[in-house]
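Student: dropping the sequence and predicted coords here.
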Number of protein chains: 2
Amino acid sequence: MKLTILGCYAATPRTLSNPTSQVLEIKNHVFLIDCAEGTQVQLRKSKVKFSKINHIFISHLHGDHFYGLVGLISTFMLLNRESDLHVYGPKGIKEIILLQLRASGSYTGYSLFFHELESKASEVIFEDEKVRVSTIPLNHRIYTNGYLFEEKNKERKLNIAAVEEYAIDKVYYNKIKYGGDITLEDGRVISNAELSFDPAVARSYAYCSDTLYDERIIPLIEGVDLLYHESTFLEKEAHLAEKTMHSTAKQAATIASKANVRQLALGHYSTRYGSIDGFQSEAETIFPKVWLADDGKEFEIPLR
Amino acid sequence: MKLTILGCYAATPRTLSNPTSQVLEIKNHVFLIDCAEGTQVQLRKSKVKFSKINHIFISHLHGDHFYGLVGLISTFMLLNRESDLHVYGPKGIKEIILLQLRASGSYTGYSLFFHELESKASEVIFEDEKVRVSTIPLNHRIYTNGYLFEEKNKERKLNIAAVEEYAIDKVYYNKIKYGGDITLEDGRVISNAELSFDPAVARSYAYCSDTLYDERIIPLIEGVDLLYHESTFLEKEAHLAEKTMHSTAKQAATIASKANVRQLALGHYSTRYGSIDGFQSEAETIFPKVWLADDGKEFEIPLR
């Protein structure tokens, strides 16, 4: 489970920094989270294969979070993409994209599905056998969702030494992974507990950008392995954070602490600051495990 | 009069190349021509002052020519722009931009004027005392215009030696520049021909991207100082040029030759080519004065 930061600065694309976009690799998925202008170039720099992206999650319709989407969808056309693409985002996103595709006389050769969101309560928006994605309603100037990405680890881990000792055929491995006991040819029944270990603890990542400090998100992100919480400002600009409905590094750390997360990642920095080091030191006064996101950086979410 | 290439590659933004955008400095204007994704960063790299841009000319509604526009308009808001902004482009462009501004809950603090084009004949779309801009209807998959930018040099040049010899007061200089004779205090009349020189020859720049080879543009661009004519392909991919309604380097040079332009600039290169050198050599078999546009390069259009 790996997070790659493509861009994590607020407001405008600049020579050395990019507005928001991230890639989350979770199980067999490559999820794109937000898609600001410049995302295509950042994907190339980070060597993310375009064809692996089948799901895009857009938090809100401010330009620094989605103005790169229409271009990426167009590039997928030029690359002769055939597989389905799913876009999750606020109601209105479909009309914006389709209006532009129509104006360009272009039609995607692949199926493009929009999942428009308008609920103000958390909802599960994607689920398969291994992963679940749900919304985290945020408190910003326009309708905004964060996203919670959770592994679903149901499969038990094979005890290789044990299955080899009993010479159990590979066709039974899946049965063991899903908790079954095994009857040997001589009639002995070997209990699942002897043949497997408990599943790894399922990991989770919560993406929260952009938002005012809002404790209502705490129950939704309680105990996640990694929380990305925006910190557009430092505490000395708390008045700007309030005015623009953003957070400070201290506020992000307070949420992390109250939600008992394992690791906090900061980002969505205002470009007014010459260095981002101040965000780390400010947050660490409240919460010890702080990782400063920066464009091109990766974070491996470890197994527990 | 100076042309700065911000991007001159076809189709998609890439790590080392940008889709189309240019800046033309002509008289006191800074005109932005097309505005693909990445234009803001390229403007910063070329040190073009955002506040100097008051007119943006969009050729057509393919993404590689205008997907950076909505972001630039948004950035102008964040920079607290106050002066008017004029956008010229195909009918439909206004709806696309306003839909996105509405979705973001944003309103420009400056006046934003859209001049939507739909004529298939050339028309003058901007004119002041010093500059005239007209459309060059092109032949592409969707409605597309090139643009002809012309200086209007009406003012004669002062003959400094002569006006000083007659001790003519500065308040009369404008009268001389506009062709007037001067009556001295002793009653002598000094003819304008003695006090001024003919104006510099007015220069012109024709921007033609994207288009099939089409000789109908020749009368519109006859004798321009600089012609930018797209050359997406080399002649060995002429079949692709025809299919996608683009031109080859040889075709661009043929238009330049038949229109007797003073200088040809090539651009809008397909990213399939490892090097763009082949475009120059191919064009030079037809027309001698070829300049290869490339991202970040500048071209000074000399006085005649």
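Tutor: Looks like it arrived, so ask away. Numbering: from 1, shown residues only, chains lettered A, B, ... in the order given.
Student: residue of the stretch 201-304 of chain A closest to chain B, please.
Tutor: Distances from the stretch 201-304 of chain A to chain B, computed as C-beta to the nearest C-beta, single out A:Thr271 as the nearest residue at 9.9 Å. (Glycine included, C-beta is placed from N, CA and C.)
Student: what about that residue, how many neighbours?
Tutor: 16 (other C-beta atoms under 10 Å in any protein chain shown).
Student: tell me how many other residues crowd A:Tyr67.
Tutor: With neighbours defined by other C-beta under 10 Å, the count for A:Tyr67 comes to 28.
Student: so what's the spatially closest residue to A:Lys289 that is not a sequence neighbour up against?
Tutor: Spatial nearest neighbour of A:Lys289, chain neighbours left out: A:Gln263 (4.8 Å); criterion: C-beta to C-beta, 6 or more residues apart in numbering or on different chains. Under the criterion of C-beta atoms under 8 Å, 6 or more residues apart in numbering or on different chains, the neighbours of A:Gln263 are A:Asp225, A:Leu226, A:Leu227, A:Lys289, A:Trp291, A:Phe299, A:Ile301.
Student: the second one bridge partners, please.
Tutor: The one in question is A:Leu226. With DSSP bridges as the criterion, A:Leu226 is bridged to A:Tyr205.
Student: before we move on, what about the fifth one?
Tutor: Beta-bridge partners recorded for A:Trp291 (DSSP bridges): A:Ala265.
Student: contact partners for it?
Tutor: If a contact means C-beta under 8 Å, 6+ apart, then A:Trp291 has A:Gln263, A:Leu264, A:Ala265, A:Leu266, A:Phe299 as its contacts.
Student: filter the contacts of A:Gln263 down to the buried ones.
Tutor: Those of those that meet the buried threshold are A:Asp225, A:Leu226, A:Leu227, A:Trp291, A:Phe299, A:Ile301, by 16 or more other C-beta atoms under 10 Å in any protein chain shown.
Student: now render these as JSON lines, adding pLDDT.
Tutor: Supplementary listing: these in JSON lines, determined by pLDDT from 0 to 100:
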{"residue": "A:Asp225", "pLDDT": "98"}
{"residue": "A:Leu226", "pLDDT": "98"}
{"residue": "A:Leu227", "pLDDT": "98"}
{"residue": "A:Trp291", "pLDDT": "98"}
{"residue": "A:Phe299", "pLDDT": "98"}
{"residue": "A:Ile301", "pLDDT": "97"}
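Student: which parts of the stretch 201-304 of chain A are strands?
Tutor: Applying DSSP state E, counting those that start in this stretch to the stretch 201-304 of chain A gives strands spanning A:204-208, A:226-230, A:264-267, A:290-292, A:298-300.
Student: so what does the first one touch, helix or strand wise?
Tutor: I take that to be strand A:204-208. In terms of contact count using 3 or more C-beta pairs under 8 Å, 6 or more residues apart in numbering or on different chains; DSSP states H and E, strand A:204-208 is assigned the packing partners strand A:21-26, strand A:131-137, strand A:145-151, helix A:218-221, strand A:226-230.
Student: what do you get for the second one?
Tutor: Using 3+ C-beta pairs under 8 Å, 6+ apart as the contact criterion, the secondary-structure elements in contact with strand A:226-230 are strand A:204-208, helix A:249-258, strand A:264-267.
Student: pop the domain breakdown of chain A in here.
Tutor: A:2-153+A:200-300, A:157-197 (automatic domain parsing).
Student: distance of A:Cys8 relative to A:Asp295?
Tutor: Taking C-beta to C-beta, to the nearest Å as the measure, A:Cys8 and A:Asp295 are separated by 6 Å.
Student: what do you get for A:Gly274?
Tutor: 16 Å.
Student: go on, A:Asn18?
Tutor: According to C-beta to C-beta, A:Asn18 stands 5 Å off from A:Asp295.
Student: likewise for A:Ser51?
Tutor: Computed as C-beta to C-beta, the A:Ser51 to A:Asp295 distance reads 23 Å.
Student: before we move on, what about A:Ser104?
Tutor: Going from A:Ser104 to A:Asp295 by C-beta to C-beta gives 29 Å.
Student: rewinding a little: quick one: contacts for the residue of the stretch 201-304 of chain A closest to chain B?
Tutor: Taking C-beta under 8 Å, 6+ apart, one finds A:Tyr9, A:Ala10, A:Ala11, A:Thr12, A:Arg14, A:Ser17 in contact with A:Thr271.
Student: redo the residues you listed as a markdown table? Include neighbour count.
Tutor: As requested, the contacts of A:Thr271 are exported to a markdown table (neighbours: other C-beta atoms under 10 Å in any protein chain shown):
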| residue | neighbour count |
| --- | --- |
| A:Tyr9 | 25 |
| A:Ala10 | 25 |
| A:Ala11 | 23 |
| A:Thr12 | 24 |
| A:Arg14 | 15 |
| A:Ser17 | 19 |
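Student: which members of these additionally contact chain B?
Tutor: Among those, the ones lying close to chain B by the criterion of C-beta under 8 Å from any C-beta of the partner chain are A:Ala11, A:Thr12, A:Arg14.
Student: quick one on the thing from earlier: what's the most buried one of the helices and strands packed on strand A:204-208?
Tutor: Most buried of the helices and strands packed on strand A:204-208 by mean neighbour count (mean count of other C-beta atoms under 10 Å in any protein chain shown) is strand A:226-230; its value is a mean of 28.
Student: residues in contact with it: which ones?
Tutor: Residues from elsewhere that reach strand A:226-230 (C-beta under 8 Å, 6+ apart): A:3, A:22, A:204-211, A:221, A:246-247, A:252, A:255-256, A:259, A:261-268, A:293, A:299, A:301.
Student: please repeat the previous calculation with a cut-off of 6 Å.
Tutor: By C-beta atoms under 6 Å, 6 or more residues apart in numbering or on different chains, the residues outside strand A:226-230 that reach it are A:205-210, A:221, A:247, A:252, A:255-256, A:261, A:263-265, A:268, A:301.
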